[in-house]
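Colleague: All I have is the shape, not the residue letters:
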Ligand SMILES: Nc1ncnc2c1ncn2[C@@H]1O[C@H](COP(=O)(O)OP(=O)(O)OP(=O)(O)O)[C@@H](O)[C@H]1O
């Protein structure tokens, strides 16, 4: 079966500093994969290469079998690669439902300036409500973004990314900064993510990683140290030595 996302021997250097070293990785359709590693291991740099913000000096990135290594970030999104939006991409004065409606419009390439007609489009607003319902977030649909708690905004970012109907979703530290009282909602949302979407989560929180992921890749100094199931990675002495053994976090 064609992998949803495949990295083939990616390498990247900043001057003399080799930040990605021959990294290969495969996410099957519907995968739940975590990328972990100590601070400075190169996780963000790898994600930037996947999204197209940075260009690898060597290697290839395949999305559903198509080589996207040289494509712009926008093209990659159109082809089904989504990442969580930054909070500042939410329209604060609009409701959650309207924000999702706008993301759905963007997906269809319609002009967001026609916003008035979007909220009046029963079809689009129904689709927005349906998406929020499937994620357990319908109760927030009529709330204005400014009225949301920080953790709730993070949930909406994920919903926005899903509005693009991706085949691959990148979640970069989804629980970072979310108070533990709101963490349970995030776990709930992660469990409700569509089964056919392959998810790559970059996360320091080991509770989340062990609960969510089926497979884990451990990155150390830009290279893959270990890749395997949660059980394999947890019990690997090399991982314990360089990472898990240090501290439970980061
Ligand atoms: N634009 C850049 N120019 C030079 N060096 C960089 C640049 N971006 C990152 N680095 C270096 O690359 C290495 C990997 O950084 P990166 O941010 O990818 O690690 P990380 O695993 O995401 O870390 P963290 O968990 O702390 O976010 C670090 O040594 C960092 O200082």
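Modeller: Arrived safely. All values reported here derive from a predicted model rather than from experimental measurement.

Colleague: got the residue ranges for the strands in this structure?
Modeller: 5-14, 17-27, 32-36, 58-63, 66-67, 81-83, 168-172, 198-202, 215-220, 223-229 (DSSP state E).

Colleague: What are the contacting residues of the fourth one?
Modeller: What that stands for is strand 58-63. With CB atoms under 8 Å, 6 or more residues apart in numbering as the test, strand 58-63 has contacts from 3-11, 22-23, 49-50, 67-69, 76, 79-81, 167-168. Heads up, the C-betas are built off the backbone N, CA and C, glycines and all.

Colleague: Pretty sure residue 204 sits against residue 173.
Modeller: Yes - using CB atoms under 8 Å, residue 204 makes contact with residue 173 at a distance of 6.7 Å.

Colleague: could the strands of the chain be laid out in JSON lines, adding mean neighbour count?
Modeller: Shown next, in JSON lines, are the strands of the chain (neighbours: other CB atoms under 10 Å):
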{"stretch": "strand 5-14", "mean neighbour count": "18"}
{"stretch": "strand 17-27", "mean neighbour count": "18"}
{"stretch": "strand 32-36", "mean neighbour count": "24"}
{"stretch": "strand 58-63", "mean neighbour count": "18"}
{"stretch": "strand 66-67", "mean neighbour count": "12"}
{"stretch": "strand 81-83", "mean neighbour count": "24"}
{"stretch": "strand 168-172", "mean neighbour count": "22"}
{"stretch": "strand 198-202", "mean neighbour count": "23"}
{"stretch": "strand 215-220", "mean neighbour count": "22"}
{"stretch": "strand 223-229", "mean neighbour count": "17"}
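
Colleague: Spit out the residues that contact residue 204 and residue 173 alike.
Modeller: What both residue 204 and residue 173 touch, as defined by CB under 8 Å, 6+ apart, is an empty set.

Colleague: Contact residues of this protein facing the ligand?
Modeller: 14, 17, 19, 37, 39, 40, 41, 42, 43, 44, 45 (CB under 6 Å from any ligand atom).

Colleague: Make a markdown table out of the residues you listed and add pLDDT.
Modeller: Supplementary listing: these in a markdown table, determined by pLDDT from 0 to 100:
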| residue | pLDDT |
| --- | --- |
| 14 | 93 |
| 17 | 92 |
| 19 | 96 |
| 37 | 92 |
| 39 | 90 |
| 40 | 91 |
| 41 | 93 |
| 42 | 95 |
| 43 | 94 |
| 44 | 92 |
| 45 | 94 |
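
Colleague: Dump these to CSV, plus distance to residue 107.
Modeller: Below are those laid out as CSV (distance: CB to CB, whole Å):
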residue, distance to residue 107
14, 34
17, 38
19, 32
37, 32
39, 35
40, 35
41, 33
42, 31
43, 27
44, 26
45, 28
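
Colleague: What subset of those residues is buried?
Modeller: Using 16 or more other CB atoms under 10 Å as the burial test, those include 19, 37, 41, 42, 43, 45 as buried.

Colleague: Which residues are in contact with the first one?
Modeller: Read it as residue 19. 12, 13, 42, 45, 222.

Colleague: What of residue 107?
Modeller: Contacts of residue 107 (CB under 8 Å, 6+ apart): 163, 164, 165.

Colleague: Leaving out the residues flanking it, which one is nearest to the last one?
Modeller: Right, the one you point to is residue 165. Ranked by CB to CB, 6 or more residues apart in numbering and with sequence neighbours excluded, the top spatial neighbour of residue 165 is residue 107, at 6.3 Å.

Colleague: State the pLDDT value of the one you found.
Modeller: Note on residue 107: pLDDT of 71.

Colleague: What's the end-to-end length of stretch 198-211?
Modeller: Counting by CA to CA, to the nearest Å, you get 16 Å between the two ends of stretch 198-211.
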